[in-house]
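Visitor: Could you work out the structure for the sequence below:
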Amino acid sequence: MKNLKQVLLNSICMVIVFVSAVNVAAASELQVGAGLMAFNYVEYDDNNIFLDGESGAIPGIILKLNTNKGKSYTEWVNSLYYNKIEYDGQTQSGTPLVTVSDALLIDSHLKLGKRLDSSYGREQSLYVGLGYRYWFRNILSGFDISGNPVAGILEEYHWFYGLLGYTVHFNASKKINVGLDFRLTQMFNAKMGIDFLGFKGYDNTSVNLGNKIGARFALPIEIKTSKDSFFVSPYYEIIDIGKSNAVRVYSGGAATTSVIYEPRSETRNVGVEIIWNW
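Guide: Residues are numbered from 1 along each chain as shown. I've put the predicted structure just below:
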């Protein structure tokens, strides 16, 4: 758990930087929220046959910093989700295996937007942005269906991504505003670090992941109160990762006969965020 503690420490440092930015940007609006994600990840072989998957409910926290300047705006969004989820897969020999996995997801992205002319009671905008995503995937050791022990493995995914999006909002009533937020994402420089956790004395290694296009659909609903407002935003997220390069596995610096690569995968997340204006 040493690696997980280090990741959490880095996340706390990120929050400190975020709060400092809020103090500097006096004209900005701080939003704080919570989220719940139904995480669903599946890996496939070259013939599109299921290899393994992970699924489960993951709660999270969200911090947003919004700055408005005329028709232009910026939005800096940070989120952290963590929970233990179910791993359903197989051993190298193909024996079915079910265990649990530590899943820590961190995302940070900055959006630069431009509001379009309002018409028919709707407000529209276009935005571009840049983000970073990190997934700490710690598959715990367990037993296959025959009762044989199976070693765990730690994989750390991380990549940058560009984003292009469109938003539109309608006034449903004086106190309720309904919107649509759609964006496309393009990952780049995607990598995965691999820690065998001492299994057979293998050295840690890494692979380059295949960069793919993703998407996110959200339906933000703003509810205004007498003093403030909050948002309820259900969403659907698509993240695809291409097959990685294959790398030789080393043990104590010496090459072994083993080769490892990461298969292609598909992630389909459904969730909801509740955000309060601070």
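Visitor: any idea what sits nearest Ser258, other than its immediate chain neighbours?
Guide: Using Cβ to Cβ, 6 or more residues apart in numbering and skipping the chain neighbours, the partner closest in space to Ser258 is Val249 (4.1 Å). C-betas here are computed from N, CA, C, even on glycine.
Visitor: residues contacting that neighbour?
Guide: The contact partners of Val249, taken as Cβ atoms under 8 Å, 6 or more residues apart in numbering, are Tyr202, Asp203, Thr205, Ala255, Thr256, Ser258, Val259, Ile260.
Visitor: My guess is Asn277 contacts Lys224. True?
Guide: No: counting by Cβ atoms under 8 Å, Asn277 stays clear of Lys224, with 9.8 Å between them.
Visitor: List the buried residues in the one helix or strand Asp181 maps to.
Guide: Using DSSP states H and E, Asp181 sits within strand 176-195. Across strand 176-195, burial judged by 16 or more other Cβ atoms under 10 Å covers Asn177, Gly179, Asp181, Arg183, Thr185, Met187, Ala190, Met192, Ile194, Asp195.
Visitor: OK, contacts around the nearest residue to the third one once chain neighbours are set aside?
Guide: If you skip the residues right next to it in sequence, Asp181 has Ala218 as its closest partner in space, 4.2 Å away by Cβ to Cβ, 6+ apart. By Cβ under 8 Å, 6+ apart, Ala218 lies in contact with Leu180, Asp181, Phe182, Ser233, Pro234, Tyr235, Tyr236.
Visitor: just to revisit the earlier point, include neighbour count and secondary structure when you put the contacts of Val249 into CSV, please.
Guide: Shown next, in CSV, are the contacts of Val249 (neighbours: other Cβ atoms under 10 Å; DSSP: H, G, I helix; E, B strand; the rest coil):
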residue, neighbour count, secondary structure
Tyr202, 19, strand
Asp203, 14, coil
Thr205, 15, strand
Ala255, 9, strand
Thr256, 14, strand
Ser258, 13, strand
Val259, 9, strand
Ile260, 15, strand
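Visitor: tell me the mean pLDDT for the helix or strand Leu130 falls within?
Guide: Taking DSSP H and E as the definition, Leu130 sits inside strand 122-139. For strand 122-139, mean pLDDT rounds to 96.
Visitor: after it, next one along is what?
Guide: Following strand 122-139 in sequence, per DSSP H and E, is strand 142-143.
Visitor: strands paired with the helix or strand that comes right after that following strand, and their directions?
Guide: Sequence order places strand 149-150 as the next helix or strand after strand 142-143, per DSSP H and E. Paired neighbours of strand 149-150 in the sheet (DSSP bridges): strand 142-143 (antiparallel).
Visitor: re earlier: name every strand pairing with the helix or strand following the strand holding Asp181 and say which way it goes.
Guide: Using DSSP H and E, the helix or strand that follows strand 176-195 towards the C-terminus is strand 205-208. According to DSSP bridges, strand 205-208 forms sheet pairs with strand 176-195 (antiparallel).
Visitor: now the strand it pairs with against strand 122-139, angle please.
Guide: If you take axes from the mean of the first three to the mean of the last three Cα atoms, to 10 degrees, strand 176-195 sits at 30 degrees to strand 122-139.
Visitor: If I look at Val24, what pLDDT would I see?
Guide: If you check Val24, the pLDDT there is 47.
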